[in-house]
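> only geometry, no sequence info:
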């Protein structure tokens, strides 16, 4: 799922920039960066889980989701915050 979303985000970013929509392109790049950063997040969360006594059989499937879902959630928050400053929605 992560790989598919990452590829879609990059494809969408390229499509949009070719149309000259720079602000929208930046939003898709933020999503792509969040998904790319999943590798770093995995390498932080997995050892913490293992040190906490969670077996690798349980920890790895959990971290497979935990490594990108929170990143993408934060990215969406950042995008919405920058697109709609001071809580004003379009």
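Thanks, I have the structure now. Keep in mind it's a predicted model, so treat the numbers as computed, not measured.
> make it CA atoms for all contacts and neighbour counts henceforth
OK.
> so the residue of the chain positioned farthest from its centre, which of the three states?
Farthest-out residue of the chain from its mean C-alpha position, per Cα atoms, centre = their mean: residue 53, at 27.0 Å. Secondary structure state of residue 53, per DSSP: H, G, I helix; E, B strand; the rest coil, is coil.
> in contact with it, which residues?
Shown in contact with residue 53 (Cα atoms under 8 Å, 6 or more residues apart in numbering): no residues.
> which one's the longest helix in this protein?
Ranked by residue count, the top helix of the chain under DSSP state H comes out as helix 2-18.
> please name every helix or strand in contact with that one.
helix 22-36 (3 or more Cα pairs under 8 Å, 6 or more residues apart in numbering; DSSP states H and E).
> got the angle for the helix it packs on vs helix 2-18?
160 degrees (axes from the mean of the first three to the mean of the last three Cα atoms, to 10 degrees).
> list of residues touching helix 22-36?
2, 5-6, 9-10, 12-14, 16-17, 68, 71-72, 75-76, 79.
> repeat the analysis, applying 10 Å as the threshold.
With Cα atoms under 10 Å, 6 or more residues apart in numbering as the test, helix 22-36 has contacts from 2-3, 5-19, 37, 41, 67-76, 78-80, 82-83.
> if any of those residues are buried, put those into a PyMOL selection.
In PyMOL, this line selects whichever of those come out buried by 16 or more other Cα atoms under 10 Å:
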select buried, resi 6+9+10+12+13+16+41+67+68+69+71+72+75+76+79+83
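> which stretches of this structure have low pLDDT?
Scanning the chain for pLDDT under 70 picks out the ranges 84-90.
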